[in-house]
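[1] Here's a sequence, model it:
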Amino acid sequence: MTINMKAEAMDWVGRAGEIGPQIAARGASADAADTFVAENLSLLKAEGFHSAAVPTQLGGGGASHAELSAVLRTLARHCGSTALAFAMHTHAVALPAWRWRRTPEAVEGLLKRVVAEKLTLVSSGGSDWLDGSCRAVPVAGGFRVSGRKIFASGCEQGDLLVTMAVLDTPEGPTVLHLAIPMKAEGVAILDTWRTLGMRGTGSQDLELTDVFVPEAAVTVRRPAGKWAPLMHMVTLIAFPLIYSVYVGLAEAARDRALELVRPRAKASDDTVAALGEVETHLTAARLALTDMLACAASDEPGPQATNRIMIGRTLTARAAVATVDRAMAAAGGAGFYRAAGLERIWRDVQAARHHPLQEPAQARLAGRLALGLDID
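    Model prediction:
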């Protein structure tokens with residue numbers, strides 16, 4: 001009980017700010033060396049952030065969805081890679097925490113394990129999404145899963161892969177949602193992560209070769225390519241958290257641009273105008289994220305909420321990228337130097353374009369709903 005009371009009173013956002021300088025220093029080194037931000041994630045775990053989303057009744061930190069968003073924004077202002085890698089674990093915990101408040105029996109075991117075993121969850125949702133990936137073949141007691149997963153952020157420190165596999169059935173391809181221990185036989189981490197930005201996330205490919213998955217590890221079965229209820233839940237909870245990272249990056253770019261411009265004897269009219277654009281785009285990013293969080297707090301999972309979240313995802317991404325772009329313009333040549341910090345933020349924020357639903361798919365979803373068409 002004492003542990004729960006302490007966790008309940010924890011100022012998660014304030015603590016993220018306090019350890020921010022350590023996060024920043026290590027993150028910069030990881031980015032420069034193309035290495036994983038392992039020390040930063042270990043620090044977050046040591047501070048209890050790995051279970052911040054778990055309800056206090058189960059021994060976790062009891063952080064709200066909005067608090068988790070603010071934590072990720074704060075971390076992103078210090079290191080985008082750390083924030084994004086941590087966001088992938090955080091949303092994988094936040095979803096069962098949301099479900100626990102409605103159907104506790106389905107997810108309570110996992111949440112208790114996150115606390116007791118200090119589990120780090122690895123998500124492959126970005127490489128799977130509605131269609132799923134990898135093949136599942138039925139065997140006695142379960143399935144053998146083979147194939148490759150991409151964008152497995154944080155996998156080098158991961159304990160449990162929360163993923164999907166596709167099973168051929170008479171009714172058609174069926175996506176199995178399942179959990180695989182990262183140390184299971186047949187799971188291999190491939191050294192593939194050489195990227196423009198978010199270099200420290202360690203989002204390596206995973207090769208699964210005849211990995212045995214017991215029947216009990218399958219939590220959901222759904223038709224491939226369809227908007228099943230679980231996918232609406234994922235959208236509602238995960239995307240406001242993921243895009244909090246990009247708002248945090250935009251905020252960091254704005255602050256850095258001001259730091260670079262203020263010492264000048266006189267800012268040109270063009271520089272002043274560029275800073276005004278920074279303020280405008282940043283406000284748009286914040287407003288879009290605020291609406292996503294409001295949707296997650298009030299709406300039920302379903303097509304309308306998914307549409308609202310995904311519109312917010314597009315607007316947040318556009319505005320965050322534009323904020324950083326105009327921050328670079330305002331800083332001028334000084335921003336071109338790596339030491340200024342803006343160059344890295346510019347590289348990191350580009351990743352906002354690549355999470356589902358990408359803009360063309362999001363626009364099709366919005367258009368179909370506007371016409372009253374089935375989203376599948």
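
[2] out of everything not next to it in sequence, what's closest to residue 248?
    Nearest non-adjacent residue to residue 248, counting by C-beta to C-beta, 6 or more residues apart in numbering: residue 76, 2.8 Å away. In short, each C-beta sits where N, CA and C put it, glycine included.

[3] Revised request: answer the last question for residue 82.
    In space, residue 82 is closest to residue 40, 4.3 Å off (C-beta to C-beta, 6+ apart).

[4] And for residue 181?
    Excluding the flanking residues, the one nearest residue 181 by C-beta to C-beta, 6+ apart is residue 160, at 6.0 Å.

[5] Now do the contacts for the one you found.
    119-122, 179-182 (C-beta atoms under 8 Å, 6 or more residues apart in numbering).

[6] redo that, cut-off 7 Å
    Residues in contact with residue 160, defined by C-beta atoms under 7 Å, 6 or more residues apart in numbering, are 119, 121-122, 179, 181-182.

[7] just to confirm, which helix or strand has the residue nearest to residue 82 in it?
    Using DSSP states H and E, residue 40 maps to helix 38-46.

[8] Any buried residues in that helix, and which?
    38-41, 43-45 (16 or more other C-beta atoms under 10 Å).

[9] what packs against it?
    Identification of packing neighbours for helix 38-46 by 3 or more C-beta pairs under 7 Å, 6 or more residues apart in numbering; DSSP states H and E yields helix 20-33, helix 80-100.

[10] In the stretch 251-376 of the chain, where is pLDDT below threshold?
    Applying pLDDT under 70 to the stretch 251-376 of the chain picks out no residues at all.

[11] The longest helix seen in the chain to helix 80-100, inter-axis angle?
    Assignment by DSSP state H gives helix 229-261 as the longest helix of the chain. With axes from the mean of the first three to the mean of the last three C-alpha atoms, to 10 degrees applied, the angle from helix 229-261 to helix 80-100 works out at 150 degrees.

[12] Distance from the chain centre to helix 229-261, please.
    The gap between where helix 229-261 is centred and where its chain is centred comes out at 9 Å by C-alpha atoms, centre = their mean, to the nearest Å.

[13] helix or strand right after it?
    Next along the chain after helix 229-261, taking DSSP H and E as the criterion, comes helix 269-298.

[14] just checking, what packs against that next one?
    Partner elements for helix 269-298 (3+ C-beta pairs under 7 Å, 6+ apart): helix 65-76, helix 229-261, helix 303-331.

[15] The shortest one - what's its average pLDDT?
    By that I understand helix 65-76. The average pLDDT for helix 65-76 rounds to 98.

[16] List only buried entries from the contacts of residue 160.
    119, 121-122, 179, 182.

[17] how far is whichever helix or strand residue 349 is part of from where the chain is centred?
    Here residue 349 sits within helix 342-349, counting by DSSP H and E. Remark: helix 342-349 is offset 17 Å from the chain centroid, using C-alpha atoms, centre = their mean.

[18] got a list of contacts for that helix?
    By C-beta under 7 Å, 6+ apart, helix 342-349 touches 31, 80-81, 196-198, 246, 249-250, 252-253, 256-257, 320-321, 324, 327-328, 331, 335-336.

[19] between it and helix 80-100, how many degrees?
    Going by the same axes, to 10 degrees, helix 342-349 makes 30 degrees with helix 80-100.

[20] and the very next helix or strand once past helix 342-349, what does it pack onto?
    For helix 342-349, the following helix or strand on the C-terminal side (DSSP H and E) is helix 359-370. Packing partners of helix 359-370 (3+ C-beta pairs under 7 Å, 6+ apart): helix 303-331.

[21] If you count neighbours, what's buried in the helix it packs on?
    Across helix 303-331, burial judged by 16+ other C-beta under 10 Å covers 305-331.

[22] hmm, back to that, out of the buried ones among the contacts of residue 160, who's nearest residue 141?
    Distances from residue 141 to the buried ones among the contacts of residue 160, taken as C-beta to C-beta, are shortest for residue 179 (15.6 Å).

[23] secondary structure class for the closest one?
    strand (DSSP: H, G, I helix; E, B strand; the rest coil).

[24] That one contacts residue 217, doesn't it?
    Yes. The pair residue 179 / residue 217 is scored as a contact, 5.2 Å apart, by C-beta atoms under 7 Å.

[25] Can you check what angle separates the helix holding residue 40 from helix 80-100?
    30 degrees.

[26] Okay, angle between helix 38-46 and helix 20-33 too, please.
    150 degrees.

[27] how much distance is there from helix 38-46 to the middle of the chain?
    17 Å.

[28] In CSV, could you pull the C-alpha coordinates for it?
    Provided in CSV are the C-alpha atoms of helix 38-46 (Å, rounded to 0.1, in the frame of the first residue of the first chain):
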residue,chain,number,x,y,z
ALA,A,38,20.2,2.0,-23.7
GLU,A,39,21.5,4.0,-20.7
ASN,A,40,18.6,6.4,-21.0
LEU,A,41,16.0,3.7,-21.0
SER,A,42,17.7,2.0,-18.1
LEU,A,43,17.5,5.3,-16.2
LEU,A,44,13.8,5.6,-17.0
LYS,A,45,13.2,2.1,-15.7
ALA,A,46,15.2,2.7,-12.6
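
[29] Can you name the residues in contact with that helix?
    If you take C-beta under 7 Å, 6+ apart as the criterion, helix 38-46 is touched by 19, 22-23, 26-27, 50, 79, 82, 85-86, 118, 154, 156-157.

[30] Could you let me know which of those ends up closest to residue 267?
    For the contacts of helix 38-46, with residue 267 as the reference and C-beta to C-beta as the criterion, the closest is residue 79, at 28.7 Å.

[31] Tell me if I'm right that that closest one and residue 25 touch.
    No. Applying C-beta under 7 Å, one finds residue 79 not in contact with residue 25, separated by 8.9 Å.
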